[in-house]
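Novice: Model the following, please.
(chains A and B)
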Amino acid sequence: MDSELRELYQQVILDHNKSPRNFKKLEDANHHAEGHNPLCGDHLDVYLQLENDVVKDISFVGNGCAISKSSASLMTAIIKGKTKDEAEELFGKFHDLVTGKLKNTDEIEALGKLAVFQGVQEFPARVKCASLAWHTLHVALNNTEEKISTE
Amino acid sequence: MLTDVKILDVQKIRKDFPILHTLVHGKPLVYFDNAATTQKPLSVIQKEEEYYNTLNSNIHRGVHSLSQKATTAYEQAREKVLRFINASRLSEIIITKGTTDSINLVASSFGKKFIKEGDEIIISHLEHHSNIVPWQLLCEEKKAVLKVIPINDKGEIIFEAFEKLISEKTKFISVVYVSNSLGTVNPVKEIIQLAHSKNIPVLIDAAQAIQHFKIDVQELDCDFLAFSGHKLYAPTGVGILYGKEKYLEEMPPYQGGGDMISSVTFEKTTYNSLPYKFEAGTPNIAGVIGMGTAIDYLNEIGMDLITSYEKDLFEYANAKLSSVEKLTPIGTAENKLSVFSFALEGIHPHDIGTILDFDGIAIRTGHHCTQPVMQRFGIPATARISISFYNTKEEIDFTADALKKVFEVFG
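Specialist: Numbers count the residues shown, from 1 in each chain, chains lettered A, B, ... in the order given. A predicted model of the protein is given here:
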């Protein structure tokens, strides 16, 4: 198989696609946002339980490709316990990673498992898939309760 | 007795399309996104270049030689369109930017003149967004009501439901000939006959039909027919609206500007005659001339031969691809052509699209600008293979094998 393709569909991504973590509606969520990618029809909801600016719990539900689903799954796993500011900072870093702006190896390594999405930068059409969950998280954190779109 | 059976020589045809010989990810391009846009034969590409090299000037304006020659070439293209769809009057062939532009023209202009509060407009559940939204905008503006013909689980319109939808309030019907997301061929002739028995005009969106079989507007008796050049092997940005003169004469201009006027003072403007009344501004002249060349090219092969070759190839594709394990075809209409939409168990169409791309196979993935169709089938998107007469059975076989590999990637 092509190495670039394997780089995109890494085992971690396939695993999170198959068994997404925190894939449910959070009943006691106090923040929520709905994300939508109108071009491809991907759609997801992010639920947050935010206490004193700390993410006590986070979950998501939705429909999407392996990239968008695994990205949402990994995001929820990493964001749990983080402060709002830390979450926003990670969003910025993640965005730079998938758009190929983050080049410093140390910084990439510091992202831990999120680094598996580095391969996405080679697929401009798929950047939106990877970042949909993060854009939605950003809106949920700021609790604007509105639909967001990656278009 | 031996009869003279013409067979389409696909290898010869493929030589006419330079792009079919390019490599994608190091593999020969397999182009199966023909419902999105078709590739262009060399003659069309050369014609556009030739226009800019030898004829470029504005049409219907100058007395100088170039302008006259460009005007002649442009008007010749209109005549070719007329013959291609067997229209009887050049005044009924309006050159537009494409199907979307053509439909918007009718919705806006016919709507302005003839649609009133409480009137009803009928479309079908199979429509592309460009045959939904212009009517929604009109209905919103005029407080009219949009009615939708439902479809069954195969993706066919339910004719009895259509019969029930028609009422005295119905003032216009706009339906797609061939569905771009499912390939369903609608019974447009029956729809037109029923509509005409109640004096309701009908627009046929032929964007996915005109390139696959011969359309005769007089025989069909549609009141309007819309299609795009770029799906007809011609350049992008050009299209056609055929309309019956009796309606076009009554309809107000769509856009104001150059070419659509006869005289302008600040007090009053008189409009140009048909078809120019609806052709404001300098058009894509090279593109229109290129469309004429594309029609020449198709005529040279013969539309009947194209239809029979594509029918055979589509039947082959349907059988071959349907036998791929864990593949579910979406849209299983009895009368279907060119489009094979499908889902693979547990794998999102986007991932299929990316993985096939690595084998050089170009397919469309997504909702195909038909979100209501996707909602009807309870899916967010499909993967779509759409064929042309330059595609081959070998390409179908190669794609069927590549689909099996998609499962390998996902383990």
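Novice: And for the residue most central in space within chain B, nearest residue in space, chain neighbours not counted?
Specialist: In chain B, the centroid-proximal residue (CA atoms, centre = their mean) is B:Ala207; its distance is 1.1 Å. Spatially, and ignoring its direct neighbours in sequence, B:Ala207 is nearest to B:Thr99 (4.2 Å; CB to CB, 6 or more residues apart in numbering or on different chains). Every residue, glycine included, has its C-beta placed from N, CA and C.
Novice: Within its local environment, how many residues does that neighbour see?
Specialist: 27 (other CB atoms under 10 Å in any protein chain shown).
Novice: Can you give me the neighbour number for residue 143?
Specialist: All of this is about chain A. Using other CB under 10 Å, A:Asn143 has 13 neighbouring residues.
Novice: please go with chain B instead
Specialist: Count around B:Lys143 with other CB under 10 Å applied: 11.
Novice: Isn't it up against B:Glu120?
Specialist: No. In this structure, B:Lys143 is not within contact of B:Glu120 by CB atoms under 8 Å, at 11.4 Å.
Novice: Might you enumerate the residues of the stretch 1-150 of chain B proximal to chain A?
Specialist: B:His25 (CB under 8 Å from any CB of the partner chain).
Novice: Can you check the pLDDT for A:Glu146?
Specialist: The model reports A:Glu146 with a pLDDT of 50.
Novice: Over to B:Ile121: give its phi and psi.
Specialist: phi -120, psi 140 (degrees, to the nearest 10).
Novice: Not counting its neighbours along the chain, what's nearest it?
Specialist: Per CB to CB, 6+ apart, closest to B:Ile121 is B:Phe172, 4.8 Å.
Novice: and the nearest residue to A:Ala140 once chain neighbours are set aside, which of the three is it?
Specialist: Closest residue in space to A:Ala140, ignoring its immediate chain neighbours: A:Ala33 at 3.8 Å, by CB to CB, 6+ apart. With DSSP: H, G, I helix; E, B strand; the rest coil as the basis, A:Ala33 sits in strand.
Novice: what's the burial count for A:Ala33?
Specialist: A:Ala33 sits with 23 neighbouring residues when counted by other CB under 10 Å.
Novice: Got the confidence number for residue 115?
Specialist: No chain in the question, so chain A it is. Predicted confidence (pLDDT) for A:Ala115: 93.
Novice: meant chain B, my bad for not saying
Specialist: 98.
Novice: Could I get the full set of strands for chain A?
Specialist: A:31-37, A:42-51, A:54-63, A:147-149 (DSSP state E).
Novice: And the third one, what's buried?
Specialist: It refers to strand A:54-63. A:55, A:57-62 (16 or more other CB atoms under 10 Å in any protein chain shown).
Novice: what's the closest of the residues you listed to A:Gln49?
Specialist: Each of the buried residues of strand A:54-63 was scored against A:Gln49 by CB to CB, and A:Asp57 proved nearest at 4.1 Å.
Novice: which residues sit in contact with the closest one?
Specialist: A:26, A:28-29, A:48-49, A:80 (CB atoms under 8 Å, 6 or more residues apart in numbering or on different chains).
Novice: returning to that earlier point: need the strands of chain A in JSON lines (columns: distance to B:Ser323).
Specialist: Shown next, in JSON lines, are those (distance: least, CB to CB, whole Å):
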{"stretch": "strand A:31-37", "distance to B:Ser323": "32"}
{"stretch": "strand A:42-51", "distance to B:Ser323": "29"}
{"stretch": "strand A:54-63", "distance to B:Ser323": "27"}
{"stretch": "strand A:147-149", "distance to B:Ser323": "38"}
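Novice: Can you check the pLDDT for the closest residue in space to B:Ile13 that isn't next to it in sequence?
Specialist: Once flanking residues are discounted, B:Ile13 sits nearest to B:Tyr390: 5.2 Å by CB to CB, 6+ apart. As predicted, B:Tyr390 sits at a pLDDT of 98.
Novice: how many neighbours does B:Tyr390 have?
Specialist: By other CB under 10 Å, 23 other residues sit near B:Tyr390.
Novice: separation between it and B:Lys15?
Specialist: Using CB to CB, to the nearest Å, B:Tyr390 is found at 10 Å from B:Lys15.
Novice: how near is the closest residue to B:Glu79 other than its chain neighbours to B:Arg78?
Specialist: Nearest residue to B:Glu79, sequence neighbours excluded (CB to CB, 6+ apart): B:Leu90, at 6.7 Å. Relative to B:Arg78, B:Leu90 is positioned 6 Å away (CB to CB).
Novice: Mind checking which of those two has more residues around it?
Specialist: A side-by-side neighbour count of B:Leu90 and B:Arg78, using other CB under 10 Å, places B:Arg78 first with 18 against 13.
Novice: which SSE is that one in?
Specialist: helix B:65-84 (DSSP states H and E).
Novice: by contact count, what packs against that helix?
Specialist: strand B:93-96, helix B:285-301 (3 or more CB pairs under 8 Å, 6 or more residues apart in numbering or on different chains; DSSP states H and E).
Novice: C-terminal to the first one, what's the next element?
Specialist: The one in question is strand B:93-96. Next helix or strand after strand B:93-96 toward the C-terminus (DSSP H and E): helix B:99-114.
Novice: residues near residue 85, how many?
Specialist: Picking chain A for this. A:Asp85, neighbours per other CB under 10 Å, totals 10.
Novice: switch to chain B, that's the one I care about
Specialist: Counted with other CB under 10 Å, residues neighbouring B:Ile85 total 22.
Novice: Give me the pLDDT value at residue 55.
Specialist: By default, I'm working from chain A. Per-residue pLDDT puts A:Val55 at 96.
Novice: my question was about chain B
Specialist: Listed pLDDT for B:Leu55 reads 95.
Novice: do you know how far it is from B:Lys171?
Specialist: Distance, B:Leu55 to B:Lys171, using CB to CB: 43 Å.
Novice: Which stretches in chain A count as helices?
Specialist: Secondary structure of chain A by DSSP state H: the helices cover A:3-8, A:11-18, A:66-79, A:84-98, A:105-110, A:127-141.
Novice: Over to chain B?
Specialist: Using DSSP H, helices in chain B cover B:10-15, B:42-50, B:65-84, B:99-114, B:133-142, B:159-165, B:188-196, B:217-220, B:245-250, B:285-301, B:303-322, B:349-357, B:371-377, B:393-410.
Novice: per-residue confidence averaged over the last one?
Specialist: In other words, helix B:393-410. Helix B:393-410 shows a mean pLDDT of 94 in the predicted model.
Novice: That helix vs chain A: in contact?
Specialist: Yes. Helix B:393-410 lies within reach of chain A by CB under 8 Å from any CB, at B:405, B:408-410.
Novice: next one: that helix to chain centre, how far?
Specialist: 28 Å (CA atoms, centre = their mean, to the nearest Å).
Novice: cool, and stretch B:190-207?
Specialist: Distance of stretch B:190-207 from the chain centroid (CA atoms, centre = their mean) equals 18 Å.
Novice: buried sites along it?
Specialist: Within stretch B:190-207, the residues that count as buried by 16+ other CB under 10 Å are B:191-192, B:194-195, B:200-207.
Novice: Cool, thanks, talk later.
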